[in-house]
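1. Give me coordinates for this.
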Amino acid sequence: MKFLPKIRYIKSTLNVILPILILSIPTLAANESSFLNTRSHSAMPATAPGYDSSGSRNEVIPSLVKSSSYSGSLDFCGSRIPIHIQDVRERLEKEMLLVLWDRAQVILWIKRASQYFPHMDRILKEYGLPLDLKYVAVIESGLRSQAGSDKGAVGTWQFMPGTGKEYGLRLDDNIDARKNLIESTRAACDYFRKLHARFNSWPLAMAAYNMGENGLAKEMALQDMYDYYKLYLSQETQRYVFRVIVAREIMENPAKYGFFFSREDYYPVLDFARVTVDCPTTIPLTMVARAAKSYFKEIKDLNPDIKGYSLGPGRYSILIPPGMDKIFYQEFARELSRYRAGYGQMVNPQSASVGESTFNTIRRDSDRSDKQSQSAKSYNRYHVVKVGESMTGIAQSYGISFAVFLKWNNLSRKSVIHPGQRLIVRPPKP
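-> Model (predicted):
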């Protein structure tokens, strides 16, 4: 009981101090940026942006109020942005504030851009389109080839399956070209050409890219308005063009917004060589990796459009490490020979014609393949598909469950098999 007076005293003191501290928090928060900037300026002399006189970094982050304020003129894709309209200015400043709040994301955008923008710029120039359009990909995917949406859009440019096929992208059991940087950028250029021809405005073309051209055309007709900045659209599309503009503004003027990079900070430009392979049967992707003096992950990273662990029958354009195209075809012929010889199907390496961009392997009919496989080994893990055979029928004939069959062969129930294709039907020999 003797401690009660002290406890009452502490309690009464806290009741006085706590309200004062709580009321002070907004003021402290408001002054934090000013305090940091003042301290930085007092510690470092004013020199070139980002560095002091000794060459050390002077990373002063400007206040969000200053960074989001606009005056004068601003354009995008050669089109003037009417920031004198209050609503336009508010929308632009809102997106600037929201993007700058996630500084880690912006840093990743800038680093990835140094890898991919040179390739995208080259293609945009080839199509005669504004280079600013590449920032659409930044907003769509953060320049991530593996990006996907819950609506089914995939890749750097976030193509839906139907639109991707319409603009020439390959989508099948082996390839999803929406994840291919070069091919998807070309498809995006074709699409933007069409959209600009229809709407005669880059802001409208970008809005159509986001919401669909027919939906945009309907809104324009209903509102009797043909200016993106004055259209009443979904919140997502009303924000969309402004987000692209903000990405361009920050990424082209990083120091202005407090992002300071040295040359070592940027990721190197994506470099690669390209080879073309005609596969007469399913082959493991590890074979391609070995022929390129590489490894599985590097090949998958260079070719995010390749599905799974193997390549089915067909033609493929494959990216490999730079310089390896000089040895690839010869090494691939050797790998293919070893692969087939290991399963009782010897291949004469000279039966394959090797060129700078195409590798054509010999094609055998199913009868000859059967005779060789029967005479070579009594235990054979593989079944060569014949005309008319199905996946379920093959699994049943070998007494294995359909689920195990699919797992062994990296297939799905929707996969399509082809005559001459080799499928695993038994576990490895003990």
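
2. Where does pLDDT dip in the stretch 201-350 of the chain?
-> Scanning the stretch 201-350 of the chain for pLDDT under 70 picks out 342-350.

3. What segments of it are helices?
-> Here the stretch 201-350 of the chain has its helices, by DSSP state H, counting those that start in this stretch, at 202-211, 213-223, 235-252, 285-291, 296-302, 325-341.

4. Can you tell me which helices and strands the third one packs against?
-> So the one you mean is helix 235-252. Under the contact criterion of 3 or more CB pairs under 8 Å, 6 or more residues apart in numbering; DSSP states H and E, helix 235-252 touches strand 75-76, helix 86-101, helix 103-127, helix 134-141, helix 202-211. Using the backbone N, CA and C atoms, a C-beta is placed for each residue, glycine as well.

5. sorry, back to before: and the helices of the stretch 201-350 of the chain, which is most packed in?
-> Highest mean neighbour count of the helices of the stretch 201-350 of the chain: helix 202-211, a mean of 24 (counted as mean count of other CB atoms under 10 Å).

6. Pull the residues that contact that helix.
-> 76-79, 130, 132-133, 136, 191-192, 195-196, 198-199, 216-217, 220, 226, 228-229, 231, 233-234, 236-237, 240-241, 244 (CB atoms under 8 Å, 6 or more residues apart in numbering).

7. for that helix, the distance to its chain's centre please.
-> 20 Å (CA atoms, centre = their mean, to the nearest Å).

8. Now do it and helix 213-223, the angle between them.
-> 120 degrees (axes from the mean of the first three to the mean of the last three CA atoms, to 10 degrees).

9. how about helix 202-211 as CSV, C-alpha atoms only?
-> Extracted C-alpha coordinates of helix 202-211, given in CSV (Å, rounded to 0.1, in the frame of the first residue of the first chain):
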residue,chain,number,x,y,z
TRP,A,202,-1.7,8.4,-78.0
PRO,A,203,-3.5,9.0,-74.7
LEU,A,204,-6.6,7.4,-76.2
ALA,A,205,-4.6,4.5,-77.7
MET,A,206,-3.1,3.8,-74.2
ALA,A,207,-6.5,4.0,-72.6
ALA,A,208,-7.8,1.5,-75.2
TYR,A,209,-4.8,-0.8,-74.5
ASN,A,210,-6.0,-0.8,-70.9
MET,A,211,-9.8,-1.1,-71.2
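
10. by how many degrees do it and helix 134-141 diverge?
-> Following the same axes, to 10 degrees, one obtains 20 degrees for the angle between helix 202-211 and helix 134-141.

11. tilt between helix 202-211 and helix 235-252?
-> 120 degrees.

12. re the thing from before, can the helices of the stretch 201-350 of the chain go into TSV with extra columns for distance to Lys414?
-> Below are the helices of the stretch 201-350 of the chain laid out as TSV (distance: least, CB to CB, whole Å):
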stretch	distance to Lys414
helix 202-211	29
helix 213-223	29
helix 235-252	31
helix 285-291	20
helix 296-302	22
helix 325-341	27
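
13. Quote the end-to-end distance of stretch 69-78.
-> Taking CA to CA, to the nearest Å, stretch 69-78 runs 21 Å from one end to the other.

14. could you give the mean pLDDT of that stretch?
-> Stretch 69-78 carries an average pLDDT of 80.

15. from the middle of its chain, how far away would it be?
-> Taking mean C-alpha positions (CA atoms, centre = their mean), stretch 69-78 and its chain are 29 Å apart.

16. outside of it, which residues touch it?
-> 80-81, 83, 89, 92-93, 130, 132-133, 202-203, 241, 244-245, 248-249.

17. Out of those, which comes closest to Arg422?
-> The nearest member of the contacts of stretch 69-78 to Arg422, counting by CB to CB, is Leu133 at 44.3 Å.

18. List the residues that contact the closest one.
-> Leu133 touches Cys77, Leu124, Ala188, Cys189, Phe192, Trp202, Met206, counting by CB under 8 Å, 6+ apart.

19. Settle this for me: the second one is touching Tyr135, isn't it.
-> Which is Leu124. No - Leu124 is beyond contact range of Tyr135, at 11.0 Å (criterion: CB atoms under 8 Å).

20. More neighbours: these two, which one.
-> Tyr135 (27 against 21; other CB atoms under 10 Å).

21. quick one: pLDDT of that one?
-> We have a pLDDT of 97 for Tyr135.

22. Beta-bridge partners for Arg275, please?
-> That one is not Arg; residue 275 is Val. Taking DSSP bridges as the rule, Val275 bridges to Ile318.

23. With distance to Phe332 added, can I get the helices and strands packed on helix 235-252 in CSV?
-> Formatted as CSV, these follow (distance: least, CB to CB, whole Å):
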stretch, distance to Phe332
strand 75-76, 46
helix 86-101, 46
helix 103-127, 25
helix 134-141, 32
helix 202-211, 39
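
24. With respect to Asp150, which of the ones you listed lies nearest?
-> Asp150 sits nearest to helix 134-141 of all these, at 14.0 Å, using CB to CB.

25. buried set for that closest one?
-> Lys134, Tyr135, Val136, Ala137, Val138, Ile139, Glu140, Ser141 (16 or more other CB atoms under 10 Å).

26. what's it in contact with?
-> By CB under 8 Å, 6+ apart, helix 134-141 touches 109, 113, 117, 120-121, 124, 143, 147, 153, 155-158, 185, 188, 206, 209, 240, 243-245, 247-248, 251.

27. ok, now stretch 107-119?
-> For stretch 107-119, contacts defined as CB under 8 Å, 6+ apart pick out 134, 138, 142-144, 156, 181-182, 185, 247, 251, 254, 259, 261, 265-270.

28. And stretch 86-105, by the same measure?
-> Contacts of stretch 86-105 (CB under 8 Å, 6+ apart): 64, 67-70, 81-83, 106, 142, 229, 238-239, 242-243, 245-247, 249-250, 257-259.
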